[in-house]
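Enquirer: Pasting a predicted model and its sequence here:
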Amino acid sequence: MNNFSRRGFTLGALASAPLLASCGNGIGSNKAQQIDARADSTLAYLYDNYPNTYDLAAKSSGMLVMPLITEGGLIVGGGYGRGALRIETVTVDYYSATKGSVGLQIGAQQFAHVLFFMTEDALSKFRRASGWVAGADVEYVFKDKGENLRADTTTTTAPVIAVVFGQAGALAGVSLEGMKYTRIIP
């Protein structure tokens with residue numbers, strides 16, 4: 001009887017192993033729904049506070065919504081966040097954003113950003129890349145003194161336009177330069 005109990009326990013443990021393994025992969029978790037909910041609220045905030053971004057969204061082939069990036073540094077710095085890639089209003093993939101840096105820096109900050117892919121080619125290159133790094137090809141839209149978003153003629157013809165907003169913290173400047181975006185399964 002004792003041998004039967006051990007065998008039953010062993011068989012039960014083996015049968016539940018795939019279920020436990022799937023928990024670590026994000027399968028069956030609600031992390032995707034959390035990212036989507038945060039992306040929804042980020043877009044609502046963006047559109048409410050900067051109505052000009054409706055035009056960017058309407059003209060874009062897709063957009064990567066990163067609701068929260070947290071950066072910090074004391075000589076060596078880093079940053080991380082997760083977001084959703086949307087084509088029209090549908091989430092098609094999830095991405096993480098990571099950044100590392102070395103140099104004169106101290107402090108921490110948080111911010112949100114949206115990358116608008118203005119051409120099918122730019123969106124396709126982003127989706128095919130195993131790890132896309134933001135570089136000189138990203139144009140930024142800035143807030144002017146009236147807190148409106150301002151884009152010049154260079155940014156309106158750029159393949160990728162970044163809108164950075166909601167900055168909070170004490171780390172000077174926000175740049176996506178060197179930020180690496182990688183597809184994830186939340």
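Expert: Received the coordinates, thanks. On a predicted model such as this, the values are computed, not experimentally measured, just so you know.

Enquirer: Can you list the residue ranges for strands in this protein?
Expert: Along the chain, the segments classed as strands by DSSP state E run 62-87, 90-117, 132-133, 138-143, 149-150, 160-169, 180-184.

Enquirer: helices and strands of the chain: which one has the lowest mean pLDDT?
Expert: helix 2-24 (a mean of 44; mean pLDDT, DSSP states H and E).

Enquirer: on that earlier part again, can I get the strands of the chain in JSON lines including distance to residue 32?
Expert: From N, CA and C alone the C-beta is placed, and that goes for glycine too. Formatted as JSON lines, those follow (distance: least, C-beta to C-beta, whole Å):
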{"stretch": "strand 62-87", "distance to residue 32": "8"}
{"stretch": "strand 90-117", "distance to residue 32": "6"}
{"stretch": "strand 132-133", "distance to residue 32": "20"}
{"stretch": "strand 138-143", "distance to residue 32": "26"}
{"stretch": "strand 149-150", "distance to residue 32": "29"}
{"stretch": "strand 160-169", "distance to residue 32": "22"}
{"stretch": "strand 180-184", "distance to residue 32": "10"}
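
Enquirer: Could you take those and lay them out as a markdown table, with extra columns for mean neighbour count, distance to residue 40 and mean pLDDT?
Expert: Formatted as a markdown table, these follow (neighbours: other C-beta atoms under 10 Å; distance: least, C-beta to C-beta, whole Å; pLDDT from 0 to 100):
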| stretch | mean neighbour count | distance to residue 40 | mean pLDDT |
| --- | --- | --- | --- |
| strand 62-87 | 20 | 9 | 91 |
| strand 90-117 | 17 | 10 | 88 |
| strand 132-133 | 17 | 23 | 84 |
| strand 138-143 | 17 | 21 | 69 |
| strand 149-150 | 16 | 20 | 53 |
| strand 160-169 | 18 | 15 | 85 |
| strand 180-184 | 16 | 19 | 94 |
